[in-house]
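>>> model this:
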Amino acid sequence: MAKKAQENDGDGNYGAMDEFTLFALENGSDDIHLTARIDGESGTATETAENICAKVTSALDSCGMRILNERVFGTLDFYQSYTRIRKKHHNFTQSPFSYIQGMPVHGHGLCGIQIHAVKPVSDENPRVFYDKKHPSGSVWRKKDITYVYIAGVHGLQRILRNGCRSRGGQAVSMFDTMKRLLASQSIDFRNVVRTWIYLEDILEWYDVFNTVRTERFRSFGLIPRSAGESSSGPVYLPASTGIGGRNPAGAFCCGDALAVSGPVRVSVLPGMLQPSAYSYGSAFSRGVCIEEEQYRQVFVSGTAAIDTSGRSLYPQNAEAQIRKTLEIVEEFIGQKGAKFKDIRSATVYLKKAEDLSIYEKLAGRLGLMDLPAVFVVAEICRDELLFEMDALAVVD
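Down below sits the predicted model:
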């Protein structure tokens, strides 16, 4: 885990100024996950962003890696400022990124930044690909395995011409754009292992979104069209996070996706403490495991305190919900031999900023104060839920 320090601590972990901590956690020698977690308010938002980008640049230069995917959480009025700041640093210049509204638990501006960086194989590997002139994703090929990230696809990208502004129409547009971008890189949507979806006013139309997602996934071949499909759902659906969040484009929805193809083993992991999300109308898996020769990656979907029947637990009780969610995540990654210490990147969503103190109390008891997580104040998909968490764990 990263430590509070000014320079590399000798283990590839970096601290930063008092206002943030930068975690740098490797997956072997080929790739690394960087998480900038905002810890306080000792500087302005601009100063903090400048310091983070400088530290990230130093970390990447020291290990010779390039950014493959970047996800940024912050207030929308800071988007233009962050865009200008990142352009000053050569590591960020060409790579696409997604920017999601999230209210910081500390101060104003950024909540945090999550980066997946990889070792270049050549000048063109990894590479950025474009939708017209807009950078929309990145491709990385290592040996015979291909990773394709799509960043910041929003619901207005294909429907501006006809002026469609309905929420459902924009959700269709978002998924169809993802499929088109993947096809441009010779990747099928059925290779998608993970999506991150952010919905404006999520509580007002989450059911509509779920209906659209199921229909699009059925049309993409992820869900059988037969009327006799089992109640447990299709054999495969990607892991996913679906959370409240606006975007700079002003669309009702936006999202990121990760697809993987080649000689890897992809398996859906059952949630032993929760039912299949598909059983109550959400077309995603609780989690997905990607097994390569060197390590396993366990992607944990957005997880909250939901029981084995799909009902919300401990309504409006933040402490009980946080404790239960951490229990579920621990059990889930444990299916593949991972522990909390193996988490490379996580996002913690709080409905109320004041509940951070409750999380920190429980995290302190579990030894999780150095979890490489970004903390975001956001709406969750059910009104009674106060806490959600997603994560990526990696084990040899």
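>>> which residues does H154 contact?
Listed by Cβ atoms under 8 Å, 6 or more residues apart in numbering, the contact partners of H154 are Q170, M174, N247, A249, A251, C253, C254, G255. Every residue, glycine included, has its C-beta placed from N, CA and C.
>>> write a PyMOL command that selects only the buried members of these.
Buried residues within the contacts of H154, by 16 or more other Cβ atoms under 10 Å, are selected in PyMOL with:
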select buried, resi 170+174+247+251+253+254+255
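>>> of the contacts of H154, which belong to strands?
C253, C254, G255 (DSSP state E).
>>> would you map the helices across the stretch 1-150 of the chain?
45-63, 79-86 (DSSP state H, counting those that start in this stretch).
>>> against G152, how distant is K119?
24 Å (Cβ to Cβ, to the nearest Å).
>>> so which of these two has more stuff around it?
The neighbour comparison of K119 against G152 (other Cβ atoms under 10 Å) goes to G152, with 24 against 17.
>>> assign the more buried one to helix, strand or coil.
Taking DSSP: H, G, I helix; E, B strand; the rest coil as the rule, one finds G152 in the strand state.
>>> so of the helices of the stretch 1-150 of the chain, which one's packed in deepest?
Among these, the stretch with the highest mean neighbour count (mean count of other Cβ atoms under 10 Å) is helix 45-63, at a mean of 19.
>>> so what touches that helix?
Contacts of helix 45-63 (Cβ under 8 Å, 6+ apart): 8, 12, 14, 16-17, 19-20, 22, 24, 26, 32, 34, 36, 38, 43, 66-67, 78, 81-82, 85-86, 88-92, 107-110, 113, 115, 117, 119.
>>> likewise for stretch 363-375?
So stretch 363-375 is contacted by 1-3, 23, 25, 33, 35-38, 73, 102, 104-105, 111-114, 326, 340, 343-348, 350, 356, 360, 389, 391 (Cβ under 8 Å, 6+ apart).
>>> where do the strands of the stretch 101-250 of the chain begin and end?
110-118, 127-131, 134-142, 145-154, 192-199, 239-244 (DSSP state E, counting those that start in this stretch).
>>> please name every helix or strand in contact with the third one.
Identification of packing neighbours for strand 134-142 by 3 or more Cβ pairs under 8 Å, 6 or more residues apart in numbering; DSSP states H and E yields strand 66-74, strand 127-131, strand 145-154.
>>> let me know which of those strands is the nearest to L237.
strand 145-154 (17.2 Å; Cβ to Cβ).
>>> quick one: the residue nearest to F129 when sequence neighbours are not counted from R323, how far?
Closest residue to F129 apart from its sequence neighbours, by Cβ to Cβ, 6 or more residues apart in numbering: G137 at 5.4 Å. In this structure, G137 and R323 are 37 Å apart, going by Cβ to Cβ.
>>> check D144 too.
Counting by Cβ to Cβ - D144 and R323 are separated by 43 Å.
>>> picking up where we left off before, now the contacts of H154 in CSV, with distance to S240 and pLDDT?
What follows is the contacts of H154, written out as CSV (distance: Cβ to Cβ, whole Å; pLDDT from 0 to 100):
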residue, distance to S240, pLDDT
Q170, 17, 95
M174, 13, 96
N247, 17, 96
A249, 21, 94
A251, 18, 95
C253, 13, 96
C254, 14, 97
G255, 9, 97
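>>> farthest pair within the contacts of H154?
The widest separation within the contacts of H154 (Cβ to Cβ) is 11.9 Å, between A249 and G255.
>>> out of the strands of the stretch 101-250 of the chain, flag the one nearest L313.
It is, among the strands of the stretch 101-250 of the chain and with distance given as Cβ to Cβ, strand 239-244, at 18.4 Å.
>>> could you check the angle strand 192-199 makes with the closest one?
If you take axes from the mean of the first three to the mean of the last three Cα atoms, to 10 degrees, strand 239-244 sits at 10 degrees to strand 192-199.
>>> what about strand 239-244, distance to the chain center?
8 Å (Cα atoms, centre = their mean, to the nearest Å).
>>> CSV for the strands of the stretch 101-250 of the chain, including mean pLDDT and distance to N210?
Below are these laid out as CSV (pLDDT from 0 to 100; distance: least, Cβ to Cβ, whole Å):
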stretch, mean pLDDT, distance to N210
strand 110-118, 96, 25
strand 127-131, 95, 26
strand 134-142, 94, 25
strand 145-154, 96, 18
strand 192-199, 98, 10
strand 239-244, 98, 8
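>>> ok, what's across the strand from the closest residue in space to G152 that isn't next to it in sequence?
Nearest non-adjacent residue to G152, counting by Cβ to Cβ, 6+ apart: S98, 3.6 Å away. For S98, the beta-bridge partners are R71 (DSSP bridges).
>>> ok, S98 - contacts?
So S98 contacts E70, R71, V72, A151, G152, W196, C254, D256 (Cβ under 8 Å, 6+ apart).
>>> residues contacting the residue nearest the centre of the chain?
Taking Cα atoms, centre = their mean, the centroid of the chain lies closest to W196, which sits 5.3 Å from it. Contact analysis of W196 by Cβ under 8 Å, 6+ apart lists R71, S98, S240, T241, G255, D256, A257, D390.
>>> the second one and K119: what is the separation?
Plainly put, S98 is 23 Å away from K119 if you go by Cβ to Cβ.
>>> just the first one next, same as before
Applying Cβ to Cβ, one obtains 20 Å for the distance of R71 from K119.
>>> I322 reaches Y359, doesn't it?
Yes. The pair I322 / Y359 is scored as a contact, 5.4 Å apart, by Cβ atoms under 8 Å.
>>> so for these two, which residues contact both of them?
Joint contacts of I322 and Y359 (Cβ under 8 Å, 6+ apart) are F387.
>>> picking up where we left off before, okay, the strands of the stretch 101-250 of the chain in a markdown table with distance to G221 next?
Formatted as a markdown table, the strands of the stretch 101-250 of the chain follow (distance: least, Cβ to Cβ, whole Å):
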| stretch | distance to G221 |
| --- | --- |
| strand 110-118 | 27 |
| strand 127-131 | 23 |
| strand 134-142 | 21 |
| strand 145-154 | 18 |
| strand 192-199 | 11 |
| strand 239-244 | 17 |
